[in-house]
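Undergrad: Sharing a sequence plus its predicted fold:
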Amino acid sequence: MTVAGAVRKQLPVGWNRPVPIEPEGEGELLEVAMGPHHPSTHGVFRMDVALDGERVIRLKPVFGYLHRNHEKIAEGISYLASMPYTDRLDYVCPITNNWAYALAVEKLTGQTVPERAEYLRVILGELTRFQNHASSIGFFIQEMGASGTPLMYAFREREKILDLFEELTGARMMVNYMRFGGCRVDATPAWLDHTRKVVAGLSAFVDEFEQLLRTNEILMVRTQGVGILTAELAVNAGITGPMLRASGVNYDIRKVDKYGIYDRFDFRVPLGDHGDIYDRFMIRLLEMRESIKILEQALKDIPGGPVMDPKAKIRGFRPKPGEAYGRIEAPKGELGFYLISDGGPNPYRYRVRPPSLVNLTVLEDMCLGHGIADVVLIFGSVDIVLGEVDR
Amino acid sequence: MLGEGILKGLAETAKNFFGSYFFAERLTTVEYPEERIAPIEAARVFPFLVYDVENRDGGGPEWEAGLRCVACQICEKECPPKCIYIEKSKDKKLDYLGKAQYYPAKFDIDISVCMSCQICVEVCPFEAIKMDTAFELSTTDRFGDLLLDREQLAKPNEHYHKIHPTEAAAVDAHRAEEKMKADAKAKSAAEAAAAKGETGKMEVKPAGAGA
């Protein structure tokens, strides 16, 4: 089993790991605080690294700098009022956050979603996945030292997708688009045509990106065999998303749960075999191609009709006492919302299961024994957003 | 060959670089503020209060008399960051349907707190609050200048038509329909009352007749 298109260098095992320094007499470890204001940490995040020479002996992630009480605030306001706050969790992909939350509330209240709204959700969700993977690869390459070019190319493409979001929802990032029982506004035929035009150009962008990076020797040398995550550890730690699939575990909630209408689309789940950074990079590239496939099918089949269930209430409803867990395959992994209702207008308990936070838990295991320069790369390949880690 | 991948990447970069001299679509940036892209109809920045120019009940300036808001306070309750503050009036004024309604004696929005989520617009049953598109709002006073009162928030219906033409046309059609219905209802009610008044007169019995 190999990743399609992956090119590998034949290098001796562990060649890029720093040799441990034998301390003469009483050796001392050097403790370095990387962050919270380190340009490579994607926000405010600290890694307390203990070093022996250049070798990482211990790594302690410290987070919470961006904690803003998201869950407690949501327990004090109505179900509808939490929707715009979910945009601010993983602010790179607000649509999928909206979707997971809407799914949880729909499960709680038993609302159904019209066909057209389901298609719109898939279209927007896959556009979100595309732009997230593009920009996450761009950031990761930038952390490797290629300052600018791949990131700017990724952002050029992301802008086109954000323009689509703006045209439909009125905002580029804080979209606040989905509602319980559908979507807020309907897409016009002009918007759908515009989307078709953008989607037709995405494939060329992935080709360009691949040409730019896939066989680049520097990238291969720095990423292959670095930050290996075994399938066993990944499963035990609850890792999800591209990171889990790069370790070779076939688990995609779009295939497992078939939420929404994902059983209607023909797409494949790319799997890695080494579980290193290069595989994670390749999996994201391949997933972008699969997203384009889904987008093309959805844009071809999208039916007419309403986008909101006419019986659906968006405000002033009180779900029956009970609990619901809605989860989707967000670009970064399994994003779940767990809600408990006590029959009141606010949720009794509101809990987010963020993929970024759970994926961070194996950071130390991946970094041990590598040099400090590789920590930045390994961290970048996890693809986190601090808004979601700290909530 | 060693370095082949790097050369391939460089060729891609060169293609992009030279392409920008020949193809307009390769130039993706706009030199704001000299150059601006066309505003998008769905854009939303901060809310404003709609007023109708045709003066109805009550005196005062045009914007105050024509405010559609009836101070029902639904937006205040639903607002996620709670940036709206409304005080209901003591007296009532007639609205466009001829119904007596309260009006907001105070309506403040703290736009330093507002997150432009549009929930107030969605929940408003009276089409009274809509999203503006003005975004160049920087001031030197971060407290007073960002706390907008109802006079600063009130904007005419024409402004709404200018920034969201499709939506505003639909709202106006809906309101005209409501008004027609209300007029018809009032007319038939008046007729019924008149008819009832006549029959009522005939049925008046002398006092104490039933005793």
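TA: Here it is on my side, so go on.
Undergrad: Can you tell me how far the closest residue to A:Lys293 other than its chain neighbours is from A:Phe130?
TA: Nearest non-adjacent residue to A:Lys293, counting by CB to CB, 6 or more residues apart in numbering or on different chains: A:Phe267, 5.2 Å away. (C-beta placed from N, C-alpha, C; glycine too.) Going from A:Phe267 to A:Phe130 by CB to CB, to the nearest Å gives 13 Å.
Undergrad: Next: B:Met131.
TA: The gap separating B:Met131 from A:Phe130 is 28 Å, by CB to CB.
Undergrad: Looking at these two, which is more packed in?
TA: Higher neighbour count among B:Met131 and A:Phe130: A:Phe130, with 28 against 21, using other CB atoms under 10 Å in any protein chain shown.
Undergrad: and the stretch 51-200 of chain A, which residues reach chain B?
TA: For the stretch 51-200 of chain A, the contact set with chain B under CB under 8 Å from any CB of the partner chain comprises A:77-78, A:80-85, A:149, A:153, A:156, A:159, A:166-171, A:174, A:176, A:184-185.
Undergrad: Next, give phi and psi for the residue nearest to A:Lys293.
TA: Dihedral angles of A:Phe267 (phi, psi; degrees, to the nearest 10) stand at phi -150, psi 160.
Undergrad: what's around it, how many residues?
TA: By other CB under 10 Å, 18 other residues sit near A:Phe267.
Undergrad: Report the contact partners of it.
TA: A:Arg254, A:Glu290, A:Lys293, A:Ile294 (CB atoms under 8 Å, 6 or more residues apart in numbering or on different chains).
Undergrad: The last one is in contact with A:Val122, isn't it?
TA: Yes - in this structure, A:Ile294 sits in contact with A:Val122. The criterion is CB atoms under 8 Å, and the distance is 6.7 Å.
Undergrad: Now stretch A:43-51: buried residues?
TA: A:Gly43, A:Val44, A:Phe45, A:Arg46, A:Met47, A:Val49, A:Leu51 (16 or more other CB atoms under 10 Å in any protein chain shown).
Undergrad: so what's the closest residue to the second one other than its chain neighbours up against?
TA: The one in question is A:Val44. Excluding the flanking residues, the one nearest A:Val44 by CB to CB, 6+ apart is A:Tyr65, at 3.7 Å. Contact analysis of A:Tyr65 by CB under 8 Å, 6+ apart lists A:Pro36, A:Gly43, A:Val44, A:Phe45, A:Arg46, A:Leu386, A:Asp390.
Undergrad: Repeat that for A:Cys93.
TA: By CB under 8 Å, 6+ apart, the contact set of A:Cys93 is A:Thr128, A:Arg129, A:Gln131, A:Asn132, A:Ala330, A:Pro331, A:Lys332.
Undergrad: mind checking how far the fourth one is from A:Ser356?
TA: Looking back up the chat, that one is A:Asn132. From A:Asn132 to A:Ser356 the distance is 11 Å (CB to CB).
Undergrad: swap in the last one?
TA: Taking CB to CB as the measure, A:Lys332 and A:Ser356 are separated by 6 Å.
Undergrad: Neighbour count for the two, which is higher?
TA: A:Lys332 (28 against 25).
Undergrad: Isn't the more buried one up against A:Gly387?
TA: No - assessed by CB under 8 Å, A:Lys332 is found out of contact with A:Gly387, at 11.6 Å.
Undergrad: okay, and the common contacts of those two?
TA: In contact with both A:Lys332 and A:Gly387: A:Asp90, using CB under 8 Å, 6+ apart.
Undergrad: Within range of chain B, give me the residues from the stretch 251-391 of chain A.
TA: Counting by CB under 8 Å from any CB, the stretch 251-391 of chain A sits next to chain B at A:Ile314, A:Arg315.
Undergrad: Quick one: the helices in the stretch 251-391 of chain A, in order.
TA: Applying DSSP state H, counting those that start in this stretch to the stretch 251-391 of chain A gives helices spanning A:253-256, A:277-301, A:355-360, A:363-367, A:372-382, A:386-390.
Undergrad: can you put these in CSV and add mean pLDDT?
TA: CSV is the format used below for the helices of the stretch 251-391 of chain A (pLDDT from 0 to 100):
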stretch, mean pLDDT
helix A:253-256, 88
helix A:277-301, 90
helix A:355-360, 89
helix A:363-367, 88
helix A:372-382, 87
helix A:386-390, 87
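Undergrad: Out of the contacts of A:Tyr65, list just those in helices.
TA: A:Leu386, A:Asp390 (DSSP state H).
Undergrad: and the gap between the residue nearest the centre of chain A and chain B?
TA: The residue lying closest to the centre of chain A (CA atoms, centre = their mean) is A:Lys332, at 2.0 Å. From A:Lys332 over to chain B the distance is 23 Å, taken as CB to the nearest CB, to the nearest Å.
Undergrad: How about that residue, nearest residue that isn't a chain neighbour?
TA: Per CB to CB, 6+ apart, closest to A:Lys332 is A:Pro355, 4.2 Å.
Undergrad: what about that neighbour, how many residues close to it?
TA: Neighbour count for A:Pro355, taken as other CB under 10 Å: 31.
Undergrad: confidence score at A:Trp15?
TA: We note a pLDDT of 69 for A:Trp15 in this prediction.
Undergrad: Counting neighbours, which bits of the longest strand along chain B end up buried?
TA: Criterion DSSP state E: the longest strand present in chain B is strand B:104-110. By 16+ other CB under 10 Å, the buried positions in strand B:104-110 come out as B:Pro104, B:Phe107, B:Asp108, B:Ile109.
Undergrad: ditto for stretch A:258-277
TA: Neighbour-count burial for stretch A:258-277 flags A:259-260, A:262, A:265, A:267, A:269-272, A:274-277 (criterion: 16+ other CB under 10 Å).
Undergrad: so how far is that stretch off the chain centroid?
TA: 14 Å (CA atoms, centre = their mean, to the nearest Å).
Undergrad: do the same with stretch B:143-156
TA: Here the centre of stretch B:143-156 is set off from its chain's centre by 14 Å, with CA atoms, centre = their mean.
Undergrad: Run through who's touching it.
TA: Counting by CB under 8 Å, 6+ apart, B:46-53, B:63-64, B:66-67, B:104, B:106-112, B:132, B:139 sit against stretch B:143-156.
Undergrad: Could you turn the buried ones of the residues you listed into a PyMOL selection?
TA: Those of the contacts of stretch B:143-156 that count as buried under 16+ other CB under 10 Å are selected in PyMOL with:
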select buried, chain B and resi 46+47+48+49+50+51+52+63+64+66+67+104+107+108+109+111+132
